[in-house]
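# dropping a prediction and its sequence here:
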Amino acid sequence: MKTPIPFYLQEILDSVRDKDGGKVADYIPELAAAEPEYLGAALCTTTGHVYSAGDADVEFTMQSLSKPFVYALALQELGLDAVREIVGMEPSGEAFNELSLNRDDHRPVNPMINAGAIAVTQLINGVDSGVEERVERILTYMSRLAGRELEIDESVFGSELDHADRNLSLAHMLRNYDIIKDEAHDAVLTYTKQCSIRVTVKDLAVMSATLANGGRQPVTNDKILDADVCRLTLALMSSAGMYDGAGRWMAEVGIPAKSGVAGGLLGTLPGQLGVATFSPRLNEEGNSVRGVEAFKLLSKDMGLHLMSTEERYGVQPIRHIIDDGDATVIYLQGVLNFNAAETVLHELERYDLSADKVVLELSNVTATNKMGRRMLKEGLRRIRESGFDIELVDPEQELEDLKMSDGTEVPVGDPEDYQIAGEQI
């Protein structure tokens, strides 16, 4: 059985493909030459399962997607008090490249706008670090987050540096107020290198899932950041990651997120997953048009909104797997949301099904959501297409509608036929 998650991601991409408004970033020649039709998505769970669809292997530069990760690195190296001395934590309500600082102490408002990001970058590897050493430290760290060796796109870097007048103005302003110590040109050089690191949406999903997983890279199991650092970073992403559209984003999508002008968009649901999209056309706020629409659908379908009042967390959704004669019975428990259903389907994909029938037993399931129900039914349909009989034991009718995507219904079994000795149905 193949898991249905990549097919669902492809369905999301197909749903937003005709949203062809906006335009590619044109203030940097190399970005202006980007292929506007690229469209990809990827998802990584905190258990390290990565799924993707569309142009998921196409590399593009991180741009502002690098900001939350470098902010996390600064917190990890120096602690919150030291970082707060040079950058605030409040949403700005302004464009990402606005020439503005706090009136009282001249700090940048937050680390997600360019002024704040340049200031934060200058903290990495110590304020006395040279440009090459600082860039190498950032690149090595980003590679650990992605789980593979990343590289800098020298063409984009050169093009961006040639058109860095506004960032140079920000750096001179920061240096004037002693927020940074480096020469303005060196500060912008480092920051531009950071923005020019190449990634794919699969990389971004894994990197985002690392924040969701308390700083442990879920694929490599590498402990990179402290949990408190991830919490602070996600808090800043939720309030300022989408620039002057951050309030509307949290109301409509409801997850910590960050965008980049190359067309990347990432989001993190704490404790559950990281997700990313790639589509180069941008809206007026500098966010990917199709990426924003895809995230709206993902949030609605999967119940990702942080302010959602429905039950969301299920721990160890598989209670037992028992081979009983001609049937393999999977006993489920708890809340079956996206994460729980993904765990069930992943285990079934790995399990050596030798019996003729596969039964899902839901007597100990306490709640489900729309996406969890949809995934379980699609999983059963795919198991049937693989040549097995299927059956559902659902005394409380948690699945509600038994109709599968092909129009047929899941056969229903008798709970007493699958009761485990000593357990109550």
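Sure thing, it's come through. Numbers count the residues shown, from 1 in each chain.
# how close does the closest residue in space to residue 197 that isn't next to it in sequence get to residue 144?
Nearest residue to residue 197 in three dimensions, chain neighbours excluded: residue 62, at 4.9 Å (Cβ to Cβ, 6 or more residues apart in numbering). Where you see a C-beta, it was placed from the backbone N, CA and C, and this is true even at glycine. The spacing between residue 62 and residue 144, counted by Cβ to Cβ, to the nearest Å, is 15 Å.
# looking at those two, which one has more neighbours?
residue 62 (27 against 19; other Cβ atoms under 10 Å).
# what about that one, distance to residue 418?
Distance of residue 62 to residue 418, computed by Cβ to Cβ: 50 Å.
# so what's residue 275 up against?
41-44, 205, 208, 266-269, 295, 298 (Cβ atoms under 8 Å, 6 or more residues apart in numbering).
# go on, residue 412?
Taking Cβ under 8 Å, 6+ apart, we find residue 412 in contact with 391-394, 402.
# and those, which two are the farthest apart?
Within these, 393 and 402 form the most distant pair, 12.1 Å apart (Cβ to Cβ).
# more neighbours, these two?
residue 393 (22 against 16).
# need the nearest residue in space to the more buried one, chain neighbours excluded.
residue 361 (4.4 Å).
# the helices in the stretch 101-250 of the chain, which residues?
114-121, 131-146, 154-162, 165-176, 184-195, 201-212, 227-240, 246-252 (DSSP state H, counting those that start in this stretch).
# reformat the ones you listed as a markdown table; add mean pLDDT and distance to residue 31.
Shown next, in a markdown table, are the helices of the stretch 101-250 of the chain (pLDDT from 0 to 100; distance: least, Cβ to Cβ, whole Å):
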| stretch | mean pLDDT | distance to residue 31 |
| --- | --- | --- |
| helix 114-121 | 95 | 15 |
| helix 131-146 | 98 | 19 |
| helix 154-162 | 95 | 7 |
| helix 165-176 | 94 | 14 |
| helix 184-195 | 96 | 11 |
| helix 201-212 | 98 | 17 |
| helix 227-240 | 94 | 23 |
| helix 246-252 | 87 | 22 |
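# can you list the low-confidence ranges for the stretch 1-150 of the chain?
Residues of the stretch 1-150 of the chain meeting the criterion pLDDT under 70: 1, 92-100, 102.
# all strands for it, in order.
40-45, 50-54, 60-61 (DSSP state E, counting those that start in this stretch).
# pick the most deeply packed of those strands.
The highest mean neighbour count among the strands of the stretch 1-150 of the chain, using mean count of other Cβ atoms under 10 Å, belongs to strand 40-45: a mean of 28.
# starting at the chain centroid, how far to whatever helix or strand residue 276 lives in?
Per DSSP states H and E, residue 276 falls inside strand 273-278. The gap between where strand 273-278 is centred and where its chain is centred comes out at 4 Å by Cα atoms, centre = their mean, to the nearest Å.
# how about stretch 268-277?
Centre-to-centre, stretch 268-277 and its host chain are 4 Å apart (Cα atoms, centre = their mean).
# same check on stretch 380-391?
Here stretch 380-391 shows a centroid-to-chain-centroid distance of 31 Å under the convention Cα atoms, centre = their mean.
# buried ones in it, by neighbour count?
Neighbour counts over stretch 380-391 (16 or more other Cβ atoms under 10 Å) mark 380-384, 388, 390-391 as buried.
# hmm, who's touching that stretch?
For stretch 380-391, contacts defined as Cβ under 8 Å, 6+ apart pick out 1-2, 4, 327, 348, 353, 355-360, 392, 404-406, 408, 410-413.
# could you redo the last one with a cut-off of 6 Å?
1, 356-359, 404, 410-411, 413 (Cβ atoms under 6 Å, 6 or more residues apart in numbering).
# so how do I select the buried members of those residues in PyMOL?
Selecting only the buried entries of those in PyMOL, with 16+ other Cβ under 10 Å as the criterion:
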select buried, resi 1+357+358+359+404+410+413
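# of the contacts of stretch 380-391, which belong to strands?
Judged by DSSP state E, the contacts of stretch 380-391 include 357-359 as members of strands.
# kindly reformat these as TSV containing pLDDT and distance to residue 27.
Output for the ones in strands among the contacts of stretch 380-391, formatted as TSV (pLDDT from 0 to 100; distance: Cβ to Cβ, whole Å):
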residue	pLDDT	distance to residue 27
357	94	61
358	94	55
359	94	59
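# which one of the residues you listed is nearest to residue 136?
Taking Cβ to Cβ as the measure, residue 358 is the one of these closest to residue 136, at 51.1 Å.
# list the beta-bridge partners for that closest one.
Going by DSSP bridges, residue 358 is paired in beta bridges with residue 328, residue 390.
# quick check: it touching residue 326?
No. Residue 358 lies out of contact with residue 326 (Cβ atoms under 6 Å); the separation is 10.7 Å.
# ends of stretch 394-411, how far apart?
Start and end residues of stretch 394-411 are separated by 11 Å (Cα to Cα, to the nearest Å).
# ditto for stretch 170-181
OK, stretch 170-181 end separation, Cα to Cα: 13 Å.
# which residues touch residue 181?
By Cβ under 6 Å, 6+ apart, residue 181 lies in contact with residue 127.
# I'd like the distance between it and residue 175.
Distance from residue 181 to residue 175, counting by Cβ to Cβ: 8 Å.
# residue contacts, residue 38?
55, 58, 280.
# the nearest residue to the last one once chain neighbours are set aside - how many residues pack around it?
Okay, so that is residue 280. Computed as Cβ to Cβ, 6+ apart, the closest residue to residue 280 that is not its neighbour in sequence is residue 263, at 3.5 Å. By other Cβ under 10 Å, 32 other residues sit near residue 263.
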